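**Q** what shape does this take:
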Amino acid sequence: MLLQHKVILDQDLAVLYGASTKALVQAVKRNLDRFPKDFMFQLSDKEFEILKSQFVTSKTRGGGRYTPYAFTEQGVAMLSSVPKSKQAALVNVEIIRVFVRLRAIFSSHTELAKKLVELEKKVDMQYQTVFEAIHQLMIRSEKQKRTVVHGLDIVD
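**A** Residues are numbered from 1 along each chain as shown. Alright, predicted model coming up:
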């Protein structure tokens with residue numbers, strides 16, 4: 001089963017926090033009890049290959065040599081308790097705001113999708129009503145073509 005998460009990678013968080021990725025990961029590893037799998041996870045080799053194929057990475061300078069860690073919204077919130085700098089606190093506030101905005105956008109899209117489905121159902125019902133009316137008109141037309149001559153039905 002394929003699960004999808006909205007995440008931020010360790011290297012991106014490190015840049016925001018003004019730290020090296022290595023230092024960030026080490027700080028997290030010293031506090032692993034704060035980061036269950038739904039807060040942070042390491043990408044699989046396959047996911048990492050897909051990620052690398054989407055972005056050009058350097059093999060000599062800064063290119064990923066290990067599978068990065070991905071932090072969910074809850075993981076980012078928990079991360080705020082790990083680094084103690086003022087910059088880390090400010091960055092964390094902004095990251096949480098971004099996640100909240102993303103959730104609002106996706107929620108809006110979900111609502112729009114629901115409304116579209118409802119509209120399609122209504123349109124289908126309207127077309128069904130139109131087709132039923134046409135069918136009724138055709139039946140009436142057939143009945144009107146028949147004439148009665150001496151008690152017998154004769155079709156014109």
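**Q** and the residue positioned nearest the centre of the chain, how close does it get to T129?
**A** By C-alpha atoms, centre = their mean, the chain has its centre lying nearest to F106, at 6.5 Å. Distance, F106 to T129, using C-beta to C-beta, to the nearest Å: 35 Å. C-betas here are computed from N, CA, C, even on glycine.
**Q** just Q26 next, same as before
**A** According to C-beta to C-beta, Q26 and T129 sit 67 Å apart.
**Q** what ranges does the protein have for its helices?
**A** With DSSP state H as the criterion, the chain has helices at 10-17, 21-29, 45-54, 73-79, 86-145.
**Q** isn't P68 up against Q11?
**A** Yes: counting by C-beta atoms under 8 Å, P68 touches Q11, with 6.0 Å between them.
**Q** low-confidence ranges, this structure, go.
**A** Residue ranges of the chain with pLDDT under 70: 1-5, 55-65, 124, 126-127, 130-131, 134-135, 138, 140-156.
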